[in-house]
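Visitor: Provide a 3D model corresponding to the input given below.
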Amino acid sequence: MSGPYFHPEQPHTIEQAGLSSGLVLDLVLKHAFFEGTATLGTLAERSKLSASIIHSLYRYLQKEQLCDTKTMIGNDYEISLTTKGRSMAEVALKKSHYAGAAPVALPDYKRAVTEQAVPVRVTADRLRATLSDLVVPENVIQELGVALVTGGALLLYGPTGNGKTSIAERIHRVFTDLVYVPYAIEVSGQILTIFDPLIHRAEQKQPAGADPRWVLCRRPMVKVGGEMRAEMLDARVDEVTRVCIGPLQMKANNGILLIDDFGRQRITPRELLNRWIVPMDRRTDVLSLWSGVSFEIPFELLVVFATNLPLSDLAEDAFMRRLKNKIKIEDMSEDLFRELLRRVCQQHQLPCPPEMEEYISRECLKHAGDALRACFPADLAALVRGIAAFEQRPPTLEKHDVDRALNVYFVH
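Guide: So this is what the prediction gives:
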């Protein structure tokens, strides 16, 4: 992994952090409220603010009689909020339930995303290595490489079961560098969360001296399928935590957003394409907060659509032309199918002699209507192993077991 293109320096004053003193005070009050009794070091750790900022706030809390100093632990102070301080914390909680790392200013976020938006540079050999655990036709390698280097949204289409999702999920492997992602950003006094531990893979060792409000991560890979809804494309308030969450495209900035099973979402394809056609072209998106405030963010991500629906069902021809990179993933040739079958059998420890390769290929063609799909070998191997497990014996790729698996797998 190579280092990031952007490096955030830790601020030592509230002004350097680009935040209002009121927002920072509210955040620290909430942390102190939830901790009950806390050291200044703990408050610094929870808020990701520097010790100098926390000490300046501590002096303000003392002056306004918002906290009591309990004791000293080493060179640190242990404090708790007074009745007045707890009342102010409760008021702050009514404004927002967010009590995490201090946000970064919107202009700083824009600058970071823009600086980290590096064009994809990939060779055919690199792409083959990226997809080495799949069996991919050479024409797909070539078309995919040109699409990645050219830039713009990518549409993978074709019959179901031929590996469109598997290919799309591996594209992020072409990235070998790291990016900084903020825990949250501040917009018009509101805090919007971005970092998601389920999406962003943080480096185990964060760089010393960097602003801890940012997390050094691998470039993100966000995947959504049929569960995608229109409201996921804008800032929204979580019903449980009452915290404002950034939309999918914001979490995927500087990485990849995969829209799997495109056309089967709870938002229609035309609605989605209408929503994103300008951002994909101009690299800028406009979001709205629940308060009605609108703001711009960079749209620096690779959007990958994967669908098995006819393209005419998704949008009219004029709209589809706006998606310049369209790659069809065809049914497999018999040679590639056999190569994939050998790999799968090796992974499942199922010896597969040439005569069984020929038999399985022939029977799959017969059952599937002259179409060999990439999903067949792994699915059939799993069924063969399931048959053996049920009968409490070692799995073997014998004809009678293959026939039973075929009979279960294919619709007659």
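Visitor: how far off centre is the least confident helix or strand in the chain by mean pLDDT?
Guide: The helix or strand with the lowest mean pLDDT-type score in the chain, counting by mean pLDDT, DSSP states H and E, is helix 317-320 (a mean of 78). Here helix 317-320 is found 28 Å from its chain centre; the criterion is CA atoms, centre = their mean, to the nearest Å.
Visitor: can you check stretch 267-281 too?
Guide: Centroid displacement of stretch 267-281 relative to its chain, using CA atoms, centre = their mean, is 19 Å.
Visitor: now stretch 355-367
Guide: With CA atoms, centre = their mean, you get 39 Å for stretch 355-367.
Visitor: ok, now stretch 351-365?
Guide: On CA atoms, centre = their mean, the centre of stretch 351-365 falls 39 Å from that of its chain.
Visitor: so for it, what gets flagged as buried?
Guide: The neighbour-count check on stretch 351-365 (16 or more other CB atoms under 10 Å) flags 352, 356-357, 359-361, 363-365 as buried. Where you see a C-beta, it was placed from the backbone N, CA and C, and this is true even at glycine.
Visitor: closest to residue 99 out of those residues?
Guide: residue 364 (55.9 Å; CB to CB).
Visitor: that closest one and residue 375 touch, don't they?
Guide: No: assessed by CB atoms under 8 Å, residue 364 is found out of contact with residue 375, at 10.5 Å.
Visitor: in JSON lines, list the buried residues of stretch 351-365 along with secondary structure.
Guide: Converted to JSON lines, those look like this (DSSP: H, G, I helix; E, B strand; the rest coil):
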{"residue": "352", "secondary structure": "coil"}
{"residue": "356", "secondary structure": "helix"}
{"residue": "357", "secondary structure": "helix"}
{"residue": "359", "secondary structure": "helix"}
{"residue": "360", "secondary structure": "helix"}
{"residue": "361", "secondary structure": "helix"}
{"residue": "363", "secondary structure": "helix"}
{"residue": "364", "secondary structure": "helix"}
{"residue": "365", "secondary structure": "helix"}
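Visitor: reformat those as a markdown table; add distance to residue 236.
Guide: Output for the buried residues of stretch 351-365, formatted as a markdown table (distance: CB to CB, whole Å):
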| residue | distance to residue 236 |
| --- | --- |
| 352 | 50 |
| 356 | 53 |
| 357 | 51 |
| 359 | 53 |
| 360 | 48 |
| 361 | 49 |
| 363 | 50 |
| 364 | 45 |
| 365 | 48 |
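Visitor: which of these lies closest to residue 289?
Guide: residue 364 (52.8 Å).
Visitor: without its sequence neighbours, what residue ends up closest to that closest one?
Guide: The shortest distance from residue 364 to any non-neighbouring residue, by CB to CB, 6 or more residues apart in numbering, is to residue 376 (5.1 Å).
Visitor: show me the contacts for that neighbour.
Guide: Contacts of residue 376 were listed using CB atoms under 8 Å, 6 or more residues apart in numbering, and they are 161, 337, 364, 368, 409.
Visitor: what pLDDT does it get?
Guide: We have a pLDDT of 95 for residue 376.
Visitor: can you report phi and psi for it?
Guide: With angles defined as degrees, to the nearest 10, residue 376 sits at phi -60, psi -50.
Visitor: from residue 345, how far out is it?
Guide: 12 Å (CB to CB, to the nearest Å).
Visitor: residues in contact with the helix or strand harbouring residue 276: which ones?
Guide: Element membership for residue 276 (DSSP states H and E) is helix 269-282. The contact list for helix 269-282 (CB under 8 Å, 6+ apart) reads 152-153, 230, 233, 249, 259, 262-263, 265, 267, 285, 299, 303, 313-315, 319, 322-323.
Visitor: of these, buried ones?
Guide: Using 16+ other CB under 10 Å, the buried ones in the contacts of helix 269-282 are 153, 233, 249, 259, 262-263, 265, 267, 285, 299, 303, 314-315, 323.
Visitor: out of these, which comes closest to residue 75?
Guide: residue 249 (44.7 Å).
Visitor: if I pick the closest one, what's in contact with it?
Guide: By CB under 8 Å, 6+ apart, residue 249 lies in contact with 233, 257, 276, 279, 285, 299, 301, 303.
Visitor: rewinding a little: so how far is residue 411 from the residue nearest to residue 364?
Guide: Look at residue 376 and residue 411: by CB to CB, they are 14 Å apart.
Visitor: residue 365 now?
Guide: To residue 411, residue 365 is 15 Å away according to CB to CB.
Visitor: and the helices in the stretch 51-200 of the chain?
Guide: For the stretch 51-200 of the chain, helices defined by DSSP state H, counting those that start in this stretch occupy the ranges 51-63, 83-95, 106-115, 124-130, 138-150, 164-170.
Visitor: so, low pLDDT: which residues of the stretch 151-300 of the chain?
Guide: Within the stretch 151-300 of the chain, no stretch falls below the threshold (pLDDT under 70).
Visitor: that one: strands as residue ranges?
Guide: Using DSSP state E, counting those that start in this stretch, the strands of the stretch 151-300 of the chain run over 154-157, 178-182, 184-187, 190-193, 214-218, 221-224, 236-237, 244-245, 256-259, 284-288, 294-298.
Visitor: what's the first one in contact with?
Guide: It refers to strand 154-157. Strand 154-157 is contacted from outside by 144, 147-148, 164, 167-168, 171, 262, 302-309, 311, 323, 325-329, using CB under 8 Å, 6+ apart.
Visitor: JSON lines for the strands of the stretch 151-300 of the chain, including distance to residue 63?
Guide: Putting those into JSON lines (distance: least, CB to CB, whole Å) gives the following:
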{"stretch": "strand 154-157", "distance to residue 63": "57"}
{"stretch": "strand 178-182", "distance to residue 63": "31"}
{"stretch": "strand 184-187", "distance to residue 63": "25"}
{"stretch": "strand 190-193", "distance to residue 63": "26"}
{"stretch": "strand 214-218", "distance to residue 63": "31"}
{"stretch": "strand 221-224", "distance to residue 63": "45"}
{"stretch": "strand 236-237", "distance to residue 63": "34"}
{"stretch": "strand 244-245", "distance to residue 63": "31"}
{"stretch": "strand 256-259", "distance to residue 63": "48"}
{"stretch": "strand 284-288", "distance to residue 63": "38"}
{"stretch": "strand 294-298", "distance to residue 63": "35"}
